[in-house]
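J.: Mind folding the following:
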Amino acid sequence: MAEVVFAKAFRRHVDCPDATVPGGTLSEVLARYFECRPSVRGYVLDEAGAVRKHVALFVDGDLIGDRTTLTDPVGAHSTIHVFQALSGG
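T.: Numbering: from 1, shown residues only. Next comes the predicted model:
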């Protein structure tokens, strides 16, 4: 079971407590999390199910490589961090 951890910035907008969730890929883990917290989905994913432009997801400290289909593998003891990405110049 992977641990899903949200940055404080998300908590200002939506109720998104940290949770331990089963799944072998990032897509599976997030789908299970969103089953319990459907209001969080729109803050993390766009209408097509891809990661929103200003969101960064990390699995075990590594930025994910697949922002579209979320096929990055997740281990039994992985930690997934969800951050609001910074942009600008």
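
J.: okay, now T79: neighbour count?
T.: Residue crowding around T79 was assessed by other Cβ atoms under 10 Å; the count is 16. Every C-beta, even on glycine, is put in place using the N, C-alpha and C of the backbone.

J.: Just give the nearest non-adjacent residue to it, would you?
T.: Of all residues not flanking T79 in the chain, E3 sits nearest, at 4.8 Å (Cβ to Cβ, 6 or more residues apart in numbering).

J.: residues contacting that neighbour?
T.: Residues near E3 by Cβ atoms under 8 Å, 6 or more residues apart in numbering: D18, A19, T20, V21, S78, T79, I80.

J.: From those residues, keep the buried residues only.
T.: A19, V21, S78, T79, I80 (16 or more other Cβ atoms under 10 Å).

J.: any low-confidence regions in the chain?
T.: For the chain, applying pLDDT under 70 flags the ranges 87-89.

J.: all strands for it, in order.
T.: Counting by DSSP state E, the segments of the chain that form strands are 2-6, 19-21, 55-59, 62-63, 79-84.

J.: so what does the last one touch, helix or strand wise?
T.: Packed against strand 79-84 by the contact rule (3 or more Cβ pairs under 8 Å, 6 or more residues apart in numbering; DSSP states H and E) you find strand 2-6, helix 8-11, helix 26-36, strand 55-59.

J.: among these, which is the most enclosed?
T.: Neighbour counts (mean count of other Cβ atoms under 10 Å) averaged over each of these peak at strand 2-6, with a mean of 21.

J.: Adjacent strands (with direction) for it?
T.: Counting by DSSP bridges, the strands paired with strand 2-6 are strand 19-21 (antiparallel), strand 79-84 (parallel).
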